[in-house]
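> For reference, the sequence and a predicted model appear below.
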Amino acid sequence: MGTATIQVRVLAVAGTRVWVAASGTLCVPTLRTMHYSLCARVVDERTQFYLDFNDVRRDDSLSPAELPRLLPAGSRLRFHVVGAERATRAALEADPRCRLYPDVASAWENWSRQP
């Protein structure tokens, strides 16, 4: 059995927005790692996070009920979740701070319309 890893990369920053792409396996340890990575990027100027999950796979040992712990706390924060698996989308869509996108093109269109 191998060690699960997750990589989190910042691809773009503009105004209040930051686009973060993740790849790897989302399980209990990597969920915590990704949460702390997002928390480190929460500053006064950064309140909108585009989270590209196209290359993220949830390990079966991670319950969908645990997925909301991924997101940092804060009512001023907004999360634009891109390309997540069905179980991940379902777990995060209950959070009013989240907006879901099926693909990068639709999320990028929204990103591009903002000043």
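Received the coordinates, thanks.
> Could you pull out the helices in this structure for me?
Secondary structure of the chain (DSSP state H): helices located at 28-41, 86-92, 104-113.
> Dump those to TSV, plus mean neighbour count and mean pLDDT.
Using the backbone N, CA and C atoms, a C-beta is placed for each residue, glycine as well. Shown next, in TSV, are the helices of the chain (neighbours: other C-beta atoms under 10 Å; pLDDT from 0 to 100):
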stretch	mean neighbour count	mean pLDDT
helix 28-41	16	92
helix 86-92	17	91
helix 104-113	13	95
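> pLDDT weak spots in this protein?
The model of the chain has pLDDT under 70 over residues 1-2.
> repeat that with 90
Using pLDDT under 90 as the threshold, the predicted model of the chain has low-confidence ranges 1-4, 40-46, 60-61, 64, 87, 114-115.
> Bridge partners for the residue positioned nearest the centre of it, pull those for me.
To find the centre residue of the chain, average its C-alpha atoms and take the closest one (C-alpha atoms, centre = their mean): that gives Leu51, at 3.5 Å. Partner residues in beta bridges with Leu51, using DSSP bridges, are Val20, Val81.
> Distance of it relative to Arg78?
Here the distance between Leu51 and Arg78 works out to 11 Å (C-beta to C-beta, to the nearest Å).
> Can you point out the buried residues in stretch 69-82?
Buried residues in stretch 69-82, defined by neighbour count with 16 or more other C-beta atoms under 10 Å: 70-72, 77-82.
> out of the residues you listed, who's nearest Thr5?
Nearest to Thr5, judged by C-beta to C-beta, of these is Leu70 at 16.0 Å.
> sorry, back to before: closest one to Gly15 among the helices of the chain?
Gly15 lies closest to helix 104-113 among the helices of the chain, at 10.3 Å (C-beta to C-beta).
> For the closest one, give me every contacting residue.
Contacts of helix 104-113 from elsewhere in the structure, counted by C-beta atoms under 8 Å, 6 or more residues apart in numbering, are 12, 14, 17, 19, 50, 52, 54, 80, 82-83, 99, 101.
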